[in-house]
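Asks: Sequence and predicted structure are below.
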Amino acid sequence: MSVLEKLVRGNTLNKKNETTKLFAKMFKKMMKDAGCLDDNGSIINDQLAKAFEREDIDIQLLCSALGR
């Protein structure tokens, strides 16, 4: 989850805040619900790609959070 939070925070925010932590938690739950995480919470890349294709995970949400 810390990697997701750091991605959202980017170079403009020096420290995590409630918004970046909330987004990371929400996105991690989406990945878990879509079957993209293994038992240790690590991302299963091929499952993540399939989830994006099926639109189980909203890529626009991620892009918006990343500021793109």
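Replies: Happy to help now that I have it.

Asks: measure residue 3 to residue 53 for me?
Replies: Residue 3 sits 22 Å away from residue 53, taking CB to CB, to the nearest Å as the criterion. (Glycine included, C-beta is placed from N, CA and C.)

Asks: Could you do residue 45 as well?
Replies: Note on residue 45: its distance to residue 53, by CB to CB, is 13 Å.

Asks: how many other residues sit next to residue 58?
Replies: When neighbours are counted by other CB atoms under 10 Å, residue 58 registers 13.

Asks: What pLDDT is listed against it?
Replies: Looking at residue 58, its pLDDT reads 79.

Asks: In contact with it: list those residues for me.
Replies: Counting by CB atoms under 8 Å, 6 or more residues apart in numbering, residue 58 touches residue 30.

Asks: Recalculate using a threshold of 10 Å.
Replies: Applying CB atoms under 10 Å, 6 or more residues apart in numbering to residue 58 gives the contacts 27, 30, 51-52, 64.

Asks: I'd guess residue 40 is in a strand, am I close?
Replies: No - Residue 40: not assigned to a strand; according to DSSP: H, G, I helix; E, B strand; the rest coil it is coil.

Asks: Hmm, residue 24 is touching residue 6, no?
Replies: Yes - if you go by CB atoms under 10 Å, residue 24 and residue 6 touch, sitting 8.5 Å apart.

Asks: Just want to know which of the two has more residues nearby.
Replies: Per other CB under 10 Å, whichever of residue 24 and residue 6 has more neighbours is residue 24, with 21 against 13.

Asks: Which strands or helices does the helix or strand hosting the more buried one pack on?
Replies: For residue 24, the host element (DSSP states H and E) is helix 18-33. If contacts are counted by 3 or more CB pairs under 10 Å, 6 or more residues apart in numbering; DSSP states H and E, helix 18-33 sits against helix 2-9, helix 45-54, helix 59-66.
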